[in-house]
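> Give me a model of this one.
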Amino acid sequence: MDFTKAISKGQLLAERYSHVVDEVVKQYDERMGLDTVHGTRHWTNVFTNAYHIIENSPETEFEDYVLAAFLFALFHDSKRKDEDLDLLHGYRGGAYFLEMVIKHNIEMSATAQANIYK
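So this is what the prediction gives:
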């Protein structure tokens, strides 16, 4: 698979939302370190794989789905307490996502919101 477009799009979104990305990465790094199984490399892999799925699906709201995938990749493991069995990390990540949406006034279409909140 060629992930060139996904990496390029991910970089554009990371720049657009740099204030959010920086805050998420900083708090994760302070607690876990970035070079962990569930760290930034994993987040990038989650996004590039999701991008590939979206790119090859018949959905018409491509940009909305890509934004949802980017935000999911960024937040889904962002509140892990450890690399092992952390059953509540998803709930904490979701709550953190909602906190950041309000704090940074992240605007999303109804489609993007619906795909994040699934």
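> Now find how far off-centre the lowest-mean-pLDDT helix or strand in the chain is within its chain.
When the helices and strands of the chain are scored by mean pLDDT, DSSP states H and E, helix 110-116 comes last with a mean of 73. Here helix 110-116 is found 13 Å from its chain centre; the criterion is CA atoms, centre = their mean, to the nearest Å.
> Pull that helix out as CSV, backbone CA atoms only.
The C-alpha coordinates for helix 110-116 follow below in CSV (Å, rounded to 0.1, in the frame of the first residue of the first chain):
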residue,chain,number,x,y,z
ALA,A,110,-22.1,16.5,11.8
THR,A,111,-20.6,13.7,9.7
ALA,A,112,-17.2,13.9,11.4
GLN,A,113,-18.9,14.1,14.8
ALA,A,114,-21.1,11.1,14.1
ASN,A,115,-18.0,9.0,13.1
ILE,A,116,-16.0,10.0,16.1
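> in that helix, what counts as buried?
Thr111, Ala112, Gln113, Asn115, Ile116 (16 or more other CB atoms under 10 Å). Yep, even glycine has a C-beta here, placed from its N, CA and C like the rest.
> what does stretch 84-102 give?
For stretch 84-102, using 16+ other CB under 10 Å, the buried residues are His89, Arg92, Gly93, Gly94, Tyr96, Phe97, Met100, Val101.
> How far off centre is it?
Remark: stretch 84-102 is offset 11 Å from the chain centroid, using CA atoms, centre = their mean.
> can you tell me the average pLDDT over it?
For stretch 84-102, mean pLDDT rounds to 92.
> tell me the secondary structure for the residue of the chain positioned farthest from its centre?
Distance to the chain centre peaks in the chain at Pro58, reaching 21.9 Å (criterion: CA atoms, centre = their mean). Here Pro58 takes the coil state, with states given by DSSP: H, G, I helix; E, B strand; the rest coil.
> got a list of what it touches?
By CB atoms under 8 Å, 6 or more residues apart in numbering, Pro58 lies in contact with nothing.
> And for Arg92?
Lys79.
> Quickly name whichever of the buried residues of stretch 84-102 is closest to His76.
His76 lies nearest to Gly93 out of the buried residues of stretch 84-102, by CB to CB, at 5.4 Å.
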